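[1] Return atomic coordinates for the entry below.
(one chain, ligands or ions: 1)
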Amino acid sequence: MTAAILDGKKLAKQIRDELRDEVADFIENNAEVPTLAAILVGNDSGSEVYVRNKVTGCEQVGMQSRMYRLPAETSQDELLSLIAKLNKAKDEPVHGILVQLPLPKQIDVTRILPAVSPLKDVDGFHPENVGRLVQGKPRFLPCTPFGIQQLLVRNKIEIAGRHVVVVGRSDTVGKPMALMLMQRGLGGDATVTVCHSKTNNLPEITRQADILIVAIGQPKFITAPMVKPGAVVIDVGIHRTGKGLVGDVDFSGVSRVAGHITPVPGGVGPLTVTMLLVNTLAAARLLH
Ligand code: NDP
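    The predicted structure follows:
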């Protein structure tokens, strides 16, 4: 078997094309341009690339972005006061606020995420928004799992009633992914198992997955014998190697067993940025 490719790049373009029209309508009706404020603290090269992609993405769909670059030695209080200013911004509207992670070690991320107004929290990390997701009444869905859900739904992959195994329980990917797919309704109704580094007999569990979603940060960790023939495999991992980018899944082996698979690059990554743009328009609508 050779797996069909789930093309995230193509879907990201399609969603951005739809978004461009919606943004134009919003501007016409509200005389205001949806605006994202992106805060980058320090000089991490990976974070620089991610923020640049987000800023460029805004321009591509007709939205505005404001980039706030703070030095690596910025104090927690300085960052909190910038966030407070952006939360209130009225004369120069800011609809969405993004604080690029990771933050330098003198800053406690658990103090920063709740400081962003929950109405402008386009990453969906504020405790109020996480709580709403748990209750099945989401305001902003975290961007990576949101993109994965769109990839499954728009490719007409059956989710309801199927066994989804999520490997990884991070607050940003694994945990919200599991929550989203277990909710009632479209894009949900799955039976979800969550695995992590303390899980016993991992291959035995991954082999039961109709849909296997992997976000562990271990290059090529999931191999063909860990996958049920015909399964849908979603690879969230991104690792830079001498031979280019690879994921958490051994693509060449697993694509011979799986029914569908996401490539790295060109799978989940382009959708993550795109869903941030979707959330920014949603935030602008909330404030009007
Ligand atoms: P984290 O490091 O925050 O979490 C990793 C999770 O994987 C943890 O729950 C950990 O378990 C689990 N884990 C680690 N090793 C194993 C193992 N051997 N077996 C089973 N579980 C394991 O990672 P993230 O969720 O932030 O990111 C995961 C990957 O996805 C990274 O490569 C990251 O770069 C990439 N990523 C890609 C994005 C995209 O847009 N494509 C967006 C975000 C992340 P435990 O909790 O027990 O420690």
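
[2] quick one: pLDDT of Leu287?
    Looking at Leu287, its pLDDT stands at 89.

[3] For Leu98, see how far away it is.
    Remark: distance between Leu287 and Leu98 (C-beta to C-beta, to the nearest Å) = 16 Å. Every residue, glycine included, has its C-beta placed from N, CA and C.

[4] cool, Ile112 as well?
    Going from Ile112 to Leu98 by C-beta to C-beta gives 12 Å.

[5] And the two? Which one has more around it.
    Applying other C-beta atoms under 10 Å to Ile112 and Leu98 shows that Leu98 carries more neighbours, namely 26 against 19.

[6] which SS state does that one fall under?
    Secondary structure, DSSP: H, G, I helix; E, B strand; the rest coil: Leu98 is strand.

[7] Nearest spatial neighbour of it, chain-adjacent residues omitted?
    Of all residues not flanking Leu98 in the chain, Ala38 sits nearest, at 4.8 Å (C-beta to C-beta, 6 or more residues apart in numbering).

[8] Could you report the neighbour count for Gly185?
    Neighbour count of Gly185, defined by other C-beta under 10 Å: 8.

[9] Doesn't it lie inside a helix?
    No. Gly185 sits outside any helix when classified using three-state DSSP, being coil.

[10] Quick one: residues contacting it.
    By C-beta atoms under 8 Å, 6 or more residues apart in numbering, the contact list for Gly185 is empty.

[11] Please enumerate the helices of the chain.
    Using DSSP state H, the helices of the chain run over residues 8-30, 45-60, 76-88, 109-112, 127-134, 143-154, 174-182, 202-206, 251-254, 268-286.

[12] Which of the ones you listed sits closest to Arg69?
    Among those, the nearest to Arg69 by C-beta to C-beta is helix 45-60 (8.8 Å).

[13] dump the residue contacts of the residue most central in space within the chain.
    Taking C-alpha atoms, centre = their mean, the centroid of the chain lies closest to Thr144, which sits 1.7 Å from it. Contact analysis of Thr144 by C-beta under 8 Å, 6+ apart lists 172-173, 177, 215, 236, 268, 271-272, 275.

[14] The ligand next: which of the residues you listed are close?
    Filtering the contacts of Thr144 for proximity to the ligand by C-beta under 6 Å from any ligand atom leaves 172-173, 215, 236, 268, 272.
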